[in-house]
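Visitor: model the following, please.
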Amino acid sequence: MRDHASGKKVDGIRVVTLPWDPADHLTSDEERLFYLEAAIEEGDPALLEAALRDIERSRLTCS
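Guide: Predicted coordinates for the structure are as follows:
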């Protein structure tokens, strides 16, 4: 997981965000299947492609 944060002002308040990688949270085949099904339901080929990359990365890091 990455350890850098970025911040910007929103309505005069500084908001700090951290990078988030879905592959870090897909730890079981069941979670990967649910994630893939959700991407397919959206009907967006670019989202499906990104989800497949996330799933592959999660499999490589969890094995």
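Visitor: where do the helices sit along this protein?
Guide: Taking DSSP state H, the helices of the chain run over residues 29-42, 45-62.
Visitor: export the ones you listed as a markdown table, with columns for distance to Trp20, mean pLDDT and mean neighbour count.
Guide: Bear in mind the C-beta positions are built from the backbone N, C-alpha and C, glycine included. Shown next, in a markdown table, are these (distance: least, C-beta to C-beta, whole Å; pLDDT from 0 to 100; neighbours: other C-beta atoms under 10 Å):
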| stretch | distance to Trp20 | mean pLDDT | mean neighbour count |
| --- | --- | --- | --- |
| helix 29-42 | 14 | 98 | 13 |
| helix 45-62 | 11 | 96 | 14 |
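Visitor: redo those as JSON lines? Include distance to Leu18.
Guide: Formatted as JSON lines, the helices of the chain follow (distance: least, C-beta to C-beta, whole Å):
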{"stretch": "helix 29-42", "distance to Leu18": "20"}
{"stretch": "helix 45-62", "distance to Leu18": "17"}
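Visitor: which one, of those helices, ends up nearest to Thr17?
Guide: Ranking the helices of the chain by proximity to Thr17 (C-beta to C-beta) places helix 45-62 first, at 18.7 Å.
Visitor: who's in contact with the closest one?
Guide: Identification of contacts with helix 45-62 by C-beta atoms under 8 Å, 6 or more residues apart in numbering yields 21-27, 32, 35-36, 38-40, 42.
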